[in-house]
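Visitor: predicted model and sequence below, questions to follow.
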Amino acid sequence: MPAPCRFCATPVEHTFSDLGMSPMANSYLTPEQGNAMEPFYPLHALVCTKCKLVQLEEFQSGEEIFSDYAYFSSYSTSWLEHCKRYTGEMTERWGLDGSSKVVEIASNDGYLLQYFQERDVPVLGVEPAANVARVAEEKGVPTVVKFFGVDTATELAQDGKADLLLGNNVMAHVPDLNDFVGGMKVLLKDDGVITVEFPHLLKLVELNQWDTIYHEHFCYFSFLVVSRVFEAHGLRLFDVEELPTHGGSLRIYGCHQDDPSKPETDRANELVQREIDLGYDDIEFYAAYARRVEAEKRDIVEFLTQLKRDGKRIIGYGAPAKGNTLLNYCGIRGDFLDYTVDLNPHKQDQLLPGTHIPIRSPDVIKDDKPDVVFILPWNLKDEIVEQLAYIREWGGQFAVRAPEIQLIP
């Protein structure tokens, strides 16, 4: 029996992309767990024929995935710079000051709210992972350890509603989409603003970013679909920005349906029309995507196989969820990559899920002198190439999907 759509409850059975069986993308293993049984689940993205929401089935609950989480936002300098710019823009555009209230949903380690605090704007973080929230509290960022939805929003609203309610790269992680957006409606002031950032489905399709599909992402949004979701909960999207982050994201701006002070912008209307013209409201459009993914899998395996035949030693850079999707789908293990490295000390000395490739500190690269560094978080390509520029001293090269896999000097 097909599962019901996460938004409209229509039975969902059309394939968008079938990536086979895969472990949870952030379920890193200790070396002692390396020989133990490891659960794999279908990584099969589906699309709803009625509302066109691309989605995954749920194999682990949000509580199981996010109550203790390995992702810390503060380890990417380019992401921190993005957040600092955002706080400046929002403070200026909406006139935020010491009498305002900014609430961030899935506030992680305080990576963003710290910049509002520097501007003396009161903040509150809502973060379900206690281990990550603890780091935010240590920075002085007040944080409530809860999953966000209508109940949490109702509780928080008793202490005042939000002038600015934001969520970055969280909406895709929410199993109960309607409860989440319904909570936003509850917590937003009458004249308040919502901003939400998430990877844009248009870019996932256009640039073949299938490796951003993993179990922790329950939904993938076009602007058309996300507008329908907000509208169903008495909210209206009046503006949108297309951003370069995470390979191409949207920042949507929402308000209460009956807020007359925020008319729709030309860029919001233009994006709706562009998505319609490209076919995002047509189920046949989605059916063609799966074949492109299968073709690129073959290209990646052939590319790495040729490097190995040429005698090259290859390592990975990064241990991101997207990297784990790629490695497991393509069957790339220690026979291709000797190890990978990651700046996040919480991941170092562990094994990647599924492939069991060891994760080390980037410090080992200078002594080891690999021939090729395969950049797994391709959205941070420029930052990583700059960090590791020294590999050119021994003729080292970078491999990266950009969007086809290739060597870059």
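Guide: Cool, the structure landed.

Visitor: strands of the stretch 251-400 of the chain, start to end?
Guide: In the stretch 251-400 of the chain, the strands defined using DSSP state E, counting those that start in this stretch lie at 314-317, 340-341, 359-360, 372-375, 397-401.

Visitor: tell me how many other residues crowd Pro2.
Guide: By other CB atoms under 10 Å, the residues close to Pro2 number 12. Placement of C-beta: from N, CA and C, glycine included.

Visitor: for it, phi and psi?
Guide: Reported as degrees, to the nearest 10, the phi and psi values for Pro2 are phi -60, psi 140.

Visitor: what segments of this structure are helices?
Guide: All helices of the chain, identified by DSSP state H, fall at 62-66, 77-94, 113-118, 130-138, 150-157, 177-187, 201-206, 223-231, 266-278, 283-287, 289-309, 321-330, 364-368, 381-387.

Visitor: just checking, Gly279 touches Phe285?
Guide: Yes. With contacts counted by CB atoms under 8 Å, Gly279 reaches Phe285, the gap being 3.4 Å.

Visitor: circling back to that earlier point, among the helices of the chain, which comes closest to Tyr214?
Guide: Proximity to Tyr214 (CB to CB) singles out helix 321-330 among the helices of the chain, at 4.8 Å.

Visitor: from the contact counts, what lies against the closest one?
Guide: Applying 3 or more CB pairs under 8 Å, 6 or more residues apart in numbering; DSSP states H and E, we find helix 321-330 packed against strand 14-22, strand 41-47, helix 289-309.

Visitor: to Phe221, which of the ones you listed lies closest?
Guide: Phe221 lies closest, by CB to CB, to one member of the helices and strands packed on helix 321-330: strand 41-47, at 11.8 Å.

Visitor: could you dump the helices of the chain into TSV and include mean pLDDT, mean neighbour count and distance to Glu32?
Guide: Formatted as TSV, the helices of the chain follow (pLDDT from 0 to 100; neighbours: other CB atoms under 10 Å; distance: least, CB to CB, whole Å):
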stretch	mean pLDDT	mean neighbour count	distance to Glu32
helix 62-66	54	17	21
helix 77-94	93	16	32
helix 113-118	96	20	36
helix 130-138	91	18	20
helix 150-157	98	17	36
helix 177-187	98	21	37
helix 201-206	96	22	36
helix 223-231	98	20	42
helix 266-278	97	14	48
helix 283-287	90	14	42
helix 289-309	95	14	29
helix 321-330	96	24	20
helix 364-368	97	12	21
helix 381-387	94	16	30
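
Visitor: same list, those helices, but as CSV with distance to Met24 please.
Guide: Listed next are those as CSV, based on distance: least, CB to CB, whole Å:
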stretch, distance to Met24
helix 62-66, 7
helix 77-94, 22
helix 113-118, 28
helix 130-138, 17
helix 150-157, 24
helix 177-187, 20
helix 201-206, 20
helix 223-231, 25
helix 266-278, 31
helix 283-287, 25
helix 289-309, 20
helix 321-330, 9
helix 364-368, 26
helix 381-387, 24
